[in-house]
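Engineer: Structure for this input, please:
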Amino acid sequence: MPVILGEASILTTPLSGVRIWALVSGCLTFSLAASMGVPNPPPQDIHFSLFRNFCMFTWCFFFTMSLLILAITYVQFHSLLPFSWKNLTVTVAALAALMTFVATVLFPCLVAGKGGGGGQSYVVTTTIFSSLNFLAYAAETHLLRREQRGYMASVPGLLKVLQVFGGTMALLLVVDQAAHGVHPGWREVGPGVAYGLCLAASLFTVAVMVGDCAGRCPLPFDRVLAGLSLLGVLLYMVAAVMSSTKVLQMHQEKMRAPEEKLMIISEMVFACITLLSYTVDLAFSIKLLCDRN
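Structural biologist: Down below sits the predicted model:
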């Protein structure tokens, strides 16, 4: 079929404007970060290699997604796609806002003073453009919520995005701790299994909503959502207790490196934030069931 381009006015709307803003700021951010030529970290900073890769992946991945979304919108091809375009765009924007915010905080802390090329000016400039990138995605999320009506643009939908984000970060932290032997044994296995199961459940919910498959579920999908939220609350309660125990034990171990303490505390913070999101999500699901009954 012939490709039908949209009018130039499509690119002058506020939504397209913030997407172009996200493209420009994202391109400048990962270009500056890559030009710094950060070498391989020394052994005592081996945990930070994970976060350097996380920052670069975040900027590059969401730059690519924004470019695709802007191109598909201009070509007006989204009406032919076999999934919910409005749910996909707000999911990408909200997840990008969360991940770029973390990358903006992590990057100057991990690169400054670690021997990266380009000096402090490169770190400051990269952080400024990363902050603009975060603001662009936050503005895009706000505009999409105001202009579109879909499940992922509602509060429960955004909570699902927060659950995916929190579960991903907590799982990365606990896997990195296990890989470098910070806490051997059940201290990684227990929280890791909880994070993995909950992350899979949240990804399943997001995929169902983006794919417009809720009506094909053999069970009432609102009850499925309530059950998954309850499972998330129970599993994250266990994970939060275990991660809090690691933090309490950490203060009794004077030989622990500062970066290892940061990893453990960060895991507890993400576990508690995600537990809160599951609790609020469960309250919304129970309210929806009561209203329908």
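Engineer: which SSE is the residue lying closest to Glu147 once chain neighbours are set aside in?
Structural biologist: Distances taken as C-beta to C-beta, 6 or more residues apart in numbering put Leu15 closest to Glu147, at 6.9 Å, once the chain neighbours are dropped. In this view, the C-beta of every residue, glycine as well, is placed from N, C-alpha and C. In the assignment (DSSP states H and E), Leu15 maps to helix 14-35.
Engineer: can you count the residues close to Val90?
Structural biologist: When counting by other C-beta atoms under 10 Å, one arrives at 27 neighbours for Val90.
Engineer: and it, how far is that from Pro156?
Structural biologist: Separation of Val90 from Pro156 (C-beta to C-beta, to the nearest Å): 13 Å.
Engineer: rewinding a little: contact partners for the residue nearest to Glu147?
Structural biologist: Contacts for Leu15 (C-beta atoms under 8 Å, 6 or more residues apart in numbering) come out as 140, 143-144, 147.
Engineer: Pull out the buried members of those.
Structural biologist: Neighbour-count burial (16 or more other C-beta atoms under 10 Å) is assigned, among the contacts of Leu15, to 140, 143-144.
Engineer: so which of those comes closest to Asp291?
Structural biologist: For those, the minimum distance to Asp291 (C-beta to C-beta) is 25.4 Å, reached by Leu144.
Engineer: ok, the closest one touching Val90?
Structural biologist: Yes - the criterion here is C-beta atoms under 8 Å, and Leu144 meets it with Val90 at 4.4 Å.
Engineer: what is in contact with the two at once?
Structural biologist: Ala153.
Engineer: thinking again about what came up before, mind listing which of the contacts of Leu15 are in helices?
Structural biologist: 140, 143-144, 147 (DSSP state H).
Engineer: Name the residues of stretch 166-178 that come out as buried.
Structural biologist: 166-174, 176-178.
Engineer: pLDDT on it, on average?
Structural biologist: Averaged across stretch 166-178, the pLDDT comes to 85.
Engineer: same check, this time on stretch 284-293
Structural biologist: Mean pLDDT, stretch 284-293: 82.
Engineer: Equivalent analysis for stretch 61-68, please.
Structural biologist: Averaged over stretch 61-68, pLDDT sits at 94.
Engineer: these two touch, right, Thr279 and Leu230?
Structural biologist: No - applying C-beta under 8 Å as the test, Thr279 and Leu230 come out as separate, 10.0 Å apart.
Engineer: which residues of the stretch 101-250 of the chain score low on pLDDT?
Structural biologist: 110-119, 179-187 (pLDDT under 70).
Engineer: do that again at 90, thanks
Structural biologist: For the stretch 101-250 of the chain, the stretches flagged by pLDDT under 90 are 106-126, 146-153, 171-193, 210-224, 240-250.
Engineer: And the residue nearest to Arg19 when sequence neighbours are not counted, how far from Thr58?
Structural biologist: Of all residues not flanking Arg19 in the chain, Leu70 sits nearest, at 4.9 Å (C-beta to C-beta, 6+ apart). Look at Leu70 and Thr58: by C-beta to C-beta, they are 18 Å apart.
Engineer: what about these two, which has more around it?
Structural biologist: Applying other C-beta under 10 Å to Leu70 and Thr58 shows that Thr58 carries more neighbours, namely 26 against 18.
Engineer: Contacts only, for the more buried one.
Structural biologist: 96, 99-100, 102-103.
Engineer: ok, now how distant is Asp291 from Phe284?
Structural biologist: Remark: distance between Asp291 and Phe284 (C-beta to C-beta) = 11 Å.
Engineer: sorry, that was for Thr205
Structural biologist: From Thr205 to Phe284 the distance is 13 Å (C-beta to C-beta).
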